[in-house]
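Q: Got a predicted structure plus its sequence, pasted below:
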Amino acid sequence: MTASTPVPDSRAKSLRLHGTIARKLGIAIVSGRYKPGDLLDGEIASSEQFEVSRTAYREAVRILAAKGLVDARPKVGTRINQQAKWNLLDPDVLDWTFESEPDLELLNSLFELRNVVESAAAGLAATRRSAAHLKAMRTALEGMSKYTLATEEGRQADLDFHATLLDATNNPFMISLTNGVSAAISTTTMFKQRKRPLRRDPLPDHLRVFEAIAERDPGKAQQAMSELIELARMDTPISRKGGSRRAG
């Protein structure tokens, strides 16, 4: 089937069905309703519960298995994996995690990861960036200023800024983390605005990172990015149950 060939209605409906089931089960897993080691109901019972075909349910389980949430084996069943096996930076898994109130420690861990990766990336970008990188980052900042993070256009500009920064490292392994970092930024930005508008304008923090990279000052760039991420963590509203606030 070519890219221009329309997807048949029956197949499109099937895609929506198993995607919906995967989402429902995924949210139940990451929220803790299902515990590691738990077995899901069998294929027949589950397909009847969700009122879908066994094929649609089977495809939903395959989606979850690909994301590391479950292990499906013939004659054994579908077992919930330990969190260590989950692809936590998968965009869907992050979305499901933030569907409710994510665990405080998990949230802090997400910002810790961003700090480790993006701060180091900013330092490398300061020494390796090109004029084209600076131009792209400047354009992204202009987009953030014009549209703000309250809009889809402004949020995309924010993602473009961070993606360009990773690209400017010229390190293929760091660049390969772009999708995961983008998913983390996108999910937490939306989560911050779920109940109220952003309390602080993050543009000045991004400008400081940009200026340090433009000046080819790796130490300053790394520090500016670390501060940006810590301020973003502090801006994120979350229940304090299950732990105390600590530095990201």
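A: The structure has been received and is ready for your questions. On a predicted model such as this, the values are computed, not experimentally measured, just so you know.
Q: what's the helix or strand for Arg79?
A: Under the criterion DSSP states H and E, the helix or strand holding Arg79 is strand 77-80.
Q: other SSEs contacting the helix or strand following that strand?
A: For strand 77-80, the following helix or strand on the C-terminal side (DSSP H and E) is helix 91-97. For helix 91-97, the packing partners by 3 or more Cβ pairs under 8 Å, 6 or more residues apart in numbering; DSSP states H and E come out as helix 9-30, helix 178-192. The C-beta positions use only the backbone N, C-alpha and C, and glycine is treated the same way.
Q: just checking, what packs against the strand holding Arg79?
A: strand 70-73.
Q: Quick check: buried residues in the strand holding Arg79?
A: 78, 80 (16 or more other Cβ atoms under 10 Å).
Q: picking that back up, can you redo the helices and strands packed on helix 91-97 as TSV with mean neighbour count and distance to Asp71?
A: Below are the helices and strands packed on helix 91-97 laid out as TSV (neighbours: other Cβ atoms under 10 Å; distance: least, Cβ to Cβ, whole Å):
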stretch	mean neighbour count	distance to Asp71
helix 9-30	17	12
helix 178-192	19	22
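Q: what's the least confident stretch among the ones you listed?
A: Across the helices and strands packed on helix 91-97, helix 9-30 has the smallest mean pLDDT, namely a mean of 80.
Q: Looking at this structure, which helix is longest?
A: helix 104-128 (DSSP state H).
Q: any idea how far that one is from the chain center?
A: Computed by Cα atoms, centre = their mean, to the nearest Å, the chain-centroid distance of helix 104-128 equals 14 Å.
Q: in that helix, what counts as buried?
A: 104, 106-108, 110-111, 113-115, 117-126, 128.
Q: between that helix and helix 178-192, how big is the angle?
A: Relative orientation of helix 104-128 versus helix 178-192 (axes from the mean of the first three to the mean of the last three Cα atoms, to 10 degrees): 130 degrees.
Q: helices or strands up against helix 104-128?
A: Checked by 3+ Cβ pairs under 8 Å, 6+ apart, helix 104-128 has helix 152-167, helix 172-175, helix 178-192, helix 203-214, helix 218-235 packed alongside it.
Q: who wins for proximity to Pro91 among these?
A: helix 178-192 (4.1 Å; Cβ to Cβ).
Q: and for that closest one, what are the contacting residues?
A: 89-91, 94-95, 97-98, 102, 107, 110-111, 113-114, 117-118, 149, 155, 158-159, 162-163, 166-167, 198, 232, 235-237 (Cβ atoms under 8 Å, 6 or more residues apart in numbering).
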